[in-house]
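Asker: okay, structure incoming, though there's no sequence with it:
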C-alpha cells in the first residue's frame, strides 16, 4: 500500500501498459510536425510509432519542446486533489530543462495546498534508464516506504544508472550537434558507429567509435562488464531499448544474457519513444543497468 502518489513523464520509455498496471500518473510530452501536435503516448495507440517513423521516412523533421509551468501545474494539481502527497520523478535535466518548470510549478502549488507535500526529483536519467530508476522507486513505494525513503533511494542511485548506447544512423545525431557534419558523412561512408553514454549530469557524451554493428554490440557488452555492479556477476535488472531496430536489440539481449548469467528477471526490450527518437532517429540501441557512479565530463 503506497503512502503517496508516485508520478513520472512519458520519456521513461516503457510501455503504456506498465504505468497502467502500476498506477503511475504520467505527464506526456509531445512532438510537432508541420504544425501538428502528436502525443508521446508510450504506445497507447499501437500505431503511433509506425506513424512517427513514417514521418521520418517521408523526410519530416519533428521538433520537441519543454513541458511548461502550466502543464506541470495542471498535472500536479490533478494529483494533489486526490488527497495524497506527491513525489514526481522528472526527465533528467541533462536532456531537457523541463524539470526547472516542474520545480517552479511545485513552489506555486505548495502555497495553495499547505497540507499536502509535493516533491520533484531530477532523475538525471533518460529513456528506459529513467524507467529503470522509476521502477526501483515504484517497488519501494509499493512496499509502503515513505516519500523520504524513496527520495533517499533516488539520490543514492540516480547517477548509478548507466545508459550505454550506439547508433547506426548518424543523421539525427548530426542534426542535434552530437556528431559533426563531416564526422557524420565520413562515419556513414565507413560504417562507423559512435559509442555513447550519459555522464554524471545526464548529458549525452559520444566518447568512442567502432566500425560496424557487430563491434558496437561487443563494445556495449564489454563496457557493461567494466561498470556494472559486481561485473559479470551483476544481479540487478538490465533493460534494453531501440529505435526501430528490434533485431539489433534482440542480438544485444543474447550477448548480455551470455555474459551476465545472474541478471534479475527478464531483460526487457522496449521502444525508444517519439521524443528521444526525434533526436536519435532510427538505428539506436541502448542498454541500461546499475553500476558504479557515472563519470563527470571535464568542461
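Answerer: Perfect, thanks for sending it. Quantities reported herein were computed from a predicted structural model and do not represent experimental measurements. Numbers count the residues shown, from 1 in each chain.
Asker: strands of this structure, residue ranges please.
Answerer: Counting by DSSP state E, the chain has strands at residues 5-9, 26-27, 30-33, 36-39, 63-64, 86-90, 118-122, 161-167, 192-198, 204-211, 238-242, 268-271, 284-290.
Asker: among those strands, which is nearest residue 103?
Answerer: strand 118-122 (5.5 Å; Cβ to Cβ). In this view, the C-beta of every residue, glycine as well, is placed from N, C-alpha and C.
Asker: who are the packing partners of that closest one?
Answerer: strand 86-90, helix 98-112, helix 147-157 (3 or more Cβ pairs under 8 Å, 6 or more residues apart in numbering; DSSP states H and E).
Asker: now that strand and strand 86-90, what's the angle there?
Answerer: Here the directions of strand 118-122 and strand 86-90 differ by 20 degrees (axes from the mean of the first three to the mean of the last three Cα atoms, to 10 degrees).
Asker: who does strand 118-122 pair up with?
Answerer: strand 86-90 (parallel) (DSSP bridges).
Asker: go through the strand it pairs with and flag the buried ones.
Answerer: Neighbour counts over strand 86-90 (16 or more other Cβ atoms under 10 Å) mark 86-90 as buried.
Asker: and stretch 194-201, by the same measure?
Answerer: For stretch 194-201, by 16+ other Cβ under 10 Å, it's 194-199.
Asker: tell me how far it is from the chain's mean position?
Answerer: 13 Å (Cα atoms, centre = their mean, to the nearest Å).
Asker: list the contacts of it.
Answerer: With contacts defined as Cβ atoms under 8 Å, 6 or more residues apart in numbering, stretch 194-201 is touched by 92-94, 124-126, 129, 159, 162-167, 170, 173, 178-179, 187, 204-210, 216, 219-220, 223, 293-297.
Asker: now, of those residues, which are buried?
Answerer: Among those, those classed as buried by 16+ other Cβ under 10 Å are 92-94, 124-126, 129, 159, 162-167, 170, 173, 178-179, 187, 204-206, 209-210, 216, 219-220, 223, 294.
Asker: OK, contacts around residue 284?
Answerer: Residues in contact with residue 284 (Cβ under 8 Å, 6+ apart) are 165-169, 242-243, 245, 272, 277.
Asker: what about 7 Å?
Answerer: Residue 284 is in contact with 165, 167, 242-243, 272, counting by Cβ atoms under 7 Å, 6 or more residues apart in numbering.
Asker: relative to residue 101, which of those residues is nearest.
Answerer: For the contacts of residue 284, the nearest to residue 101 is residue 272 (23.5 Å; Cβ to Cβ).
Asker: residues contacting that closest one?
Answerer: 13, 127, 241-243, 280, 284.
Asker: ok, the residue nearest to residue 208 when sequence neighbours are not counted to residue 216 distance?
Answerer: Closest residue in space to residue 208, ignoring its immediate chain neighbours: residue 195 at 3.9 Å, by Cβ to Cβ, 6 or more residues apart in numbering. From residue 195 across to residue 216, the span is 7 Å (Cβ to Cβ, to the nearest Å).
Asker: what's the overlap in contacts for those two?
Answerer: 166, 210.
Asker: any chance of JSON lines for the contacts of residue 284, columns pLDDT and distance to residue 77?
Answerer: Below are these laid out as JSON lines (pLDDT from 0 to 100; distance: Cβ to Cβ, whole Å):
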{"residue": "165", "pLDDT": "95", "distance to residue 77": "36"}
{"residue": "167", "pLDDT": "89", "distance to residue 77": "39"}
{"residue": "242", "pLDDT": "98", "distance to residue 77": "36"}
{"residue": "243", "pLDDT": "97", "distance to residue 77": "34"}
{"residue": "272", "pLDDT": "98", "distance to residue 77": "30"}
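Asker: can you redo these as a markdown table with distance to residue 98?
Answerer: Listed next are those as a markdown table, based on distance: Cβ to Cβ, whole Å:
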| residue | distance to residue 98 |
| --- | --- |
| 165 | 21 |
| 167 | 24 |
| 242 | 24 |
| 243 | 21 |
| 272 | 18 |
